[in-house]
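A.B. asks: Got a predicted model here, sequence first, then my questions.
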Amino acid sequence: MKFGEKLLKARKALGLSRSDLARMADISVRTVAYYELENKLPKQRATVETLAKVLGTTPDELMDETADFVLSAREVYGAQGAREAEKLVGQIRSLYAGGALSESDMDAMMLAIQDAYWIAKKKRLAQKESKTND
């Protein structure tokens, strides 16, 4: 289940309207709708933490298996890093669509690809810094 679906389910379980949740989390109603309907992640981990607190759950319970990866990419590499991470996640999900891999194999593959992503990003950053210092 994706972040927006989990957010919607948790909000409804407490009988809160979008307006209620927005007010309690100090965000706009439009933002709550964006998260729920578009399945988009907040730009900051603090927002996830606030929403989780308001909903009486944990950030880990709200986020899907790739949300931490995307949020971390945003924190380290900005919006471009988050877009690249989201694109990578989308490509990986399309690989899973055939259903040929077991759940544990899918998890292992996702972790391996995420590790490769971080290594590539660090290498590319080091190359840029090396060129700048030359």
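C.D. replies: Yes, it's here. Keep in mind it's a predicted model, so treat the numbers as computed, not measured. Numbering: from 1, shown residues only.
A.B. asks: CA atoms for contacts and neighbours, from now on please.
C.D. replies: Will do.
A.B. asks: how about the strands of the chain, start to end?
C.D. replies: For the chain, strands defined by DSSP state E do not occur.
A.B. asks: low-scoring pLDDT stretches of it, where are they?
C.D. replies: Applying pLDDT under 70 to the chain flags the ranges 98-100, 134.
A.B. asks: Next one: the most centrally placed residue in it relative to residue 131, how far apart?
C.D. replies: By Cα atoms, centre = their mean, the chain has its centre lying nearest to residue 67, at 2.3 Å. Distance check for residue 67 against residue 131: by Cα to Cα, to the nearest Å, it reads 33 Å.
A.B. asks: One more: residue 41?
C.D. replies: 34 Å.
A.B. asks: Tell me which of those two has more neighbours.
C.D. replies: More crowded of residue 41 and residue 131, by other Cα atoms under 10 Å: residue 41, with 21 against 9.
A.B. asks: Show me how this structure divides into domains.
C.D. replies: 3-62, 67-133 (automatic domain parsing).
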